[in-house]
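S.K.: no sequence on this one, just coordinates:
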């Protein structure tokens, strides 16, 4: 210990000759000595260093890494300390100096926040004089350390633990990575071995019986991540909910029926919602469906709905969210926690505490709580509604619900849907013609299916395309009228038909009807790029024979019919609404 203190207390004389040198010396820096991908291990290492070195700190580095560092120092003092500690082998040889902006939040010592603190008072550095002989060395008084319990005393204190306290100790050992058996409160061979392993990792004698002090240290290690997030009991009388929330990372942002919002505070992009509304089972099931349309509930993850409760887990490469809600006495209450990916240790600990502390109290959120919120079709109670990457049109080609659409609608999708609610799988794509065939993953019974025209429609005859022109903003397809300008493409392609018709991007993939209601083709997307700019009313379609060929390649038989008696426009509109669908591509 004397050697350590001497390393920190060396005095030299330095004369500062320039403002540049002074500015450099005023910079607050740290000695980073270790970094670990586990908060628990980093905390243990910081504790061990603290037994022999002063000013030991622990900081988050981001991306799941945690650093052990010494300081704060002024730059020149840090360089002197680095050389001395390396020489005395008190820190690793690869330790180095880092500025304060290299760190994020502080996790050790618990409750400390030294990132914005001034560096230690700059000592005047002077060249040490020649040592004078010392007749009687002065021995610094050593702190009195109370001896730990003997194994016998440790067994006696352990015997006083209740069964729940024993189970709790096993849980802490399991969290620390030393125990992997049942949490039963029985200290058998497995538990004793895990205790001994923990003792060895923390530089204690491996007796397999933990002393009172050791149990307290393990508990401190276990709760270190929880202390960092600032768990605080929040009682919201308007929502009728009381629970723990990580308020070091959250700030209240007001109610927005049926939620009370807590948005991110600081550099951890966390979010929480308190769910509160009156209702019945239908209301609960509706909320279950609505929550899955929100951006904060990614598509990937487990879903479970029971008669009076539900849970939702959603995760992507950025966030993982957990939602639970239950119906009791005509009131639906629950919560959502959104946490960044890569911080699973803190997330699971925080979520466990939130679930265990959740309590219903009198009160329920009034529907008028969100009456002042900004109205936006893309928002629900102040939350972004998930939108597809792209939406196009398509149409049913058989009674099993098979759909043909444009290949543009299925490119680069992690998920495909028909009418937003029905998941679909890709049966085949014809890149030459730009057509794709989809099959719903669950049974669909279309009102009507397309009857593909045999041969070509009459040149210059009236045609109509049915499509979701505005990509689903309107709840039903629109009908756009035009005429068949040519039964070939611009380069004479027989499978392509040219139309005099002004369409929008969302119409692509929609069926094109002849005057008798038969489908004479499918609208293709407008050509993109190139040196030529086509007139706005020039559109192209894949002909019915080309559609029939693509369906045949996918093993689908389509209905066909020859040209017949003209139908009234309103009848074609009714038919179009029954067979035209919205096809959506999701990330």
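M.R.: Noted; the coordinates are in hand. The shown structure was predicted, so the numbers you read here are calculated from the model rather than taken from an experiment.
S.K.: can you count the residues close to residue 118?
M.R.: 11 (other Cβ atoms under 10 Å). Where C-beta positions appear, they are placed from N, C-alpha and C, glycine not excepted.
S.K.: Correction: the previous question concerned residue 183.
M.R.: Residue 183 has 15 nearby residues by other Cβ under 10 Å.
S.K.: which stretches of the chain have low pLDDT?
M.R.: Low-confidence segments of the chain (pLDDT under 70): 1-26, 120-146, 369-379, 529-532.
S.K.: hey, where'd the helices end up in it?
M.R.: Taking DSSP state H as the test, the helices found in the chain are 2-8, 19-26, 39-50, 75-87, 151-159, 163-175, 189-201, 212-229, 281-291, 344-357, 544-553, 569-579.
S.K.: Outside of the third one itself, list whatever touches it.
M.R.: The contact list for helix 39-50, computed with Cβ atoms under 8 Å, 6 or more residues apart in numbering, reads 33-36, 56-58, 66-68, 107-108, 175-177, 201-203, 217, 221, 224-225, 345-346.
S.K.: Residue 297 contacts residue 319, correct?
M.R.: No: judged on Cβ atoms under 8 Å, residue 297 makes no contact with residue 319 at a distance of 9.5 Å.
S.K.: Leaving out sequence neighbours, find the closest residue to residue 149.
M.R.: Nearest non-adjacent residue to residue 149, counting by Cβ to Cβ, 6 or more residues apart in numbering: residue 211, 4.1 Å away.
S.K.: give me the number of residues near that neighbour?
M.R.: Residue 211: 21 neighbours (other Cβ under 10 Å).
S.K.: residues in contact with it?
M.R.: 148-149, 153-154, 157.
S.K.: same thing but at 6 Å, please
M.R.: Residues counted as contacts of residue 211 (Cβ atoms under 6 Å, 6 or more residues apart in numbering) are 148-149, 154.
S.K.: related to what we said a few turns ago, comparing residue 297 and residue 319, which residue is more hemmed in?
M.R.: Taking other Cβ under 10 Å, residue 297 and residue 319 do not tie; residue 297 has more neighbours (23 against 18).
S.K.: Identify the residue nearest the more buried one in space, chain neighbours excluded?
M.R.: Residue 297 sits nearest to residue 314 (Cβ to Cβ, 6+ apart), 4.0 Å away.
S.K.: Bridged to that neighbour, which residues?
M.R.: Beta bridges link residue 314 to residue 321 when assigned by DSSP bridges.
S.K.: Could you pull up the residues touching it?
M.R.: Counting by Cβ under 6 Å, 6+ apart, residue 314 has contacts 297-298, 301, 321.
S.K.: and these as JSON lines, adding distance to residue 277?
M.R.: Output for these, formatted as JSON lines (distance: Cβ to Cβ, whole Å):
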{"residue": "297", "distance to residue 277": "17"}
{"residue": "298", "distance to residue 277": "23"}
{"residue": "301", "distance to residue 277": "23"}
{"residue": "321", "distance to residue 277": "19"}
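S.K.: closest to residue 182 among the residues you listed?
M.R.: residue 301 (27.9 Å; Cβ to Cβ).
S.K.: Surely residue 259 touches residue 273?
M.R.: Yes: when contacts are counted by Cβ atoms under 6 Å, residue 259 is listed as touching residue 273 (4.4 Å).
S.K.: any idea how far residue 501 is from residue 466?
M.R.: 12 Å (Cβ to Cβ, to the nearest Å).
S.K.: So for the two, which residue has more residues nearby?
M.R.: residue 466 (27 against 22).
S.K.: Test my guess that the more buried one contacts residue 479.
M.R.: Yes: between residue 466 and residue 479 there is a contact under Cβ under 6 Å: 5.5 Å.
S.K.: Give me the neighbour count for residue 115.
M.R.: So residue 115, with other Cβ under 10 Å, has 17 neighbours.
S.K.: ok, now which ones touch it?
M.R.: Neighbours of residue 115 in contact, by Cβ under 6 Å, 6+ apart: residue 100.
S.K.: quick one: it and residue 102, what's the gap?
M.R.: From residue 115 to residue 102 the distance is 10 Å (Cβ to Cβ).
S.K.: And residue 432, by the same measure?
M.R.: 55 Å.
S.K.: repeat for residue 281
M.R.: With Cβ to Cβ as the criterion, residue 281 and residue 102 are 53 Å apart.
S.K.: before we move on, what about residue 457?
M.R.: 70 Å.
S.K.: which of these two has more neighbours?
M.R.: Each of residue 457 and residue 102 has its neighbours counted (other Cβ under 10 Å); residue 457 has more, 24 against 16.
S.K.: so that one makes contact with residue 515?
M.R.: No: look at residue 457 against residue 515 with Cβ under 6 Å: they stay out of range, at 8.1 Å.
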